[in-house]
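Engineer: My questions are about this predicted structure, shown below with the sequence.
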Amino acid sequence: MTQMSDSNLSGNNDLLAQLESTSKAFLSRRALLAGAGGAAAASMINVVGLEGLDMAQAAGGKVRWANWGLYLDFDNKTKKYPTLEAFQKKTGIKATYQEAIDDNDTFTAKVSPQLRLKKDIGYDVVTMTEWKAAQWLASGFVQKFDDAAIPNKKNILPSLLNRPFDSGRHYSLPWAGIIAGIAWSKSALPKGLKTLDDLFAPGNKGRIEVLSEMRDTIGLIMLWQGVDISKPFTDTQFQKAVDFIQKKIKDGYIRQVKGQSYAEDLISGDAVAVIGWSGDINQLNLQNGNRFGFAVPESGGTFSTDNLMIASTSPNKAAAEALINYYYDPAVAATVANYITYICPVNGAQEAMAKINPKQVNNPLIFPTDAMWKNLKVFRELNPVDTAKYAKSFQKAIGNG
């Protein structure tokens with residue numbers, strides 16, 4: 001895997017074909033967990049020689065984890081998370097997991113008053129997208145890792161191990177890589193979408209939704225307008241994209257600007273075309289009979305990471321570190337990646353996947369090739385002044401200013 005800002009993604013036809021095959025592979029996931037494949041997956045988890053296991057067992061206690069929806073392996077039959085169950089069994093640590101995050105800003109707004117007052121927010125581990133993780137770190141909202149308690153940190157892909165906002169990764173570790181692109185209802189739009197011109201076609205008026213994540217929605221618009229978001233750009237270039245979104249909302253093209261809950265509107269049919277995330281669409285296809293398509297627009301998509309961090313107010317730091325360490329074991333990481341189909345940040349997970357689900361070993365949405373990054377860009381890092389200025393402009397445009 002190469003550095004994201006320098007890498008590239010191959011054409012949409014290949015991506016669509018891969019998504020199609022991935023969705024078909026998903027249909028057998030329940031059997032995989034329950035049958036022979038499931039036995040292999042369970043075996044991989046149960047015999048994991050977790051480094052730091054003694055530390056984890058010594059930690060005892062409990063750990064509370066706030067994550068996004070559709071972001072951890074889930075067994076529909078037992079209504080439990082297999083890897084999390086295995087973690088509790090091995091360590092004796094009671095783990096509470098909640099799909100509590102729908103949007104970086106709204107979640108942070110809920111918990112930041114307690115963080116500032118140094119009061120427990122009810123979570124030990126949180127999963128923030130990279131730009132918001134940088135803000136948490138700068139605000140003193142996270143605890144520094146005891147690296148000795150997370151020996152599996154050595155398994156992180158080199159390109160993700162040393163990010164500008166957290167040099168050396170002492171406060172955050174990447175949970176998964178995220179691709180933002182365009183998605184649609186196959187029944188409503190049988191020809192699919194290839195470009196943002198297709199997305200904002202008159203026939204979709206009133207049935208389009210876009211992400212409340214500024215860097216994804218505005219990032220895709222800017223790329224469409226010919227701006228490389230990974231490099232310095234001007235206020236005028238940014239504002240041009242914001243003005244476009246604002247006009248599309250005013251003119252009735254965009255019905256809502258939402259976090260991950262856009263998925264519900266795709267299912268209901270209230271939305272037929274969205275700016276959304278690849279992993280979400282795969283999950284929706286698993287649950288809803290492969291009803292949706294996804295593509296990186298020809299003009300480009302965005303890439304970012306969600307990151308595990310320990311809240312500054314957590315009273316369960318040792319247990320939180322044990323949980324984090326566990327998920328960077330290659331076999332555990334492969335089990336999760338097989339389910340969520342976001343980019344896996346763990347070295348060795350691709351080899352482990354061969355025993356869990358061979359069909360996923362060469363899935364570039366999980367294990368990218370150098371050729372995959374052609375049309376993906378990382379939204380450049382913003383200084384605090386630009387962050388505040390751009391966020392205010394975006395929020396005003398979508399009706400929150």
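Structural biologist: Arrived safely. Numbers count the residues shown, from 1 in each chain.
Engineer: isn't residue 256 right next to residue 209, touching?
Structural biologist: Yes. Between residue 256 and residue 209 there is a contact under CB atoms under 8 Å: 5.1 Å. Placement of C-beta: from N, CA and C, glycine included.
Engineer: Tell me where the model's unsure across the chain.
Structural biologist: For the chain, residues meeting the criterion pLDDT under 70 lie at 1-60, 371-372, 401.
Engineer: Using CSV, write out the CA atom coordinates for stretch 193-209.
Structural biologist: Written as CSV, here are the backbone C-alpha positions of stretch 193-209 (Å, rounded to 0.1, in the frame of the first residue of the first chain):
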residue,chain,number,x,y,z
LEU,A,193,-24.0,6.7,-11.8
LYS,A,194,-20.5,7.4,-13.1
THR,A,195,-20.2,11.1,-12.5
LEU,A,196,-21.5,13.9,-10.3
ASP,A,197,-23.4,15.1,-13.3
ASP,A,198,-25.3,11.8,-13.2
LEU,A,199,-25.9,12.3,-9.5
PHE,A,200,-27.3,15.7,-9.8
ALA,A,201,-29.4,14.9,-12.9
PRO,A,202,-32.8,16.6,-13.0
GLY,A,203,-34.6,13.2,-12.7
ASN,A,204,-33.0,12.8,-9.2
LYS,A,205,-34.3,16.1,-7.9
GLY,A,206,-35.6,15.8,-4.3
ARG,A,207,-34.2,12.3,-3.9
ILE,A,208,-30.5,13.1,-3.4
GLU,A,209,-28.7,13.0,0.0
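Engineer: tell me which residues of that stretch are tucked away?
Structural biologist: For stretch 193-209, burial by neighbour count (16 or more other CB atoms under 10 Å) applies to 193, 194, 196, 198, 199, 200, 204, 207, 208, 209.
Engineer: The first one in helix, strand or coil?
Structural biologist: Right, the one you point to is residue 193. For residue 193, the secondary structure call by DSSP: H, G, I helix; E, B strand; the rest coil comes out as coil.
Engineer: tell me the contacts of it?
Structural biologist: Going by CB atoms under 8 Å, 6 or more residues apart in numbering, residue 193 touches 182, 183, 184, 199, 273, 293, 295, 297.
Engineer: just how off-centre is the longest strand along the chain within its chain?
Structural biologist: Secondary structure of the chain per DSSP state E: the longest strand is strand 173-185. How far strand 173-185 lies from its chain's middle: 6 Å, per CA atoms, centre = their mean, to the nearest Å.
Engineer: Quick one: list the elements packing against that strand.
Structural biologist: Packed against strand 173-185 by the contact rule (3 or more CB pairs under 8 Å, 6 or more residues apart in numbering; DSSP states H and E) you find helix 196-199, helix 214-224, strand 273-277, helix 278-287, strand 292-295, strand 301-310.
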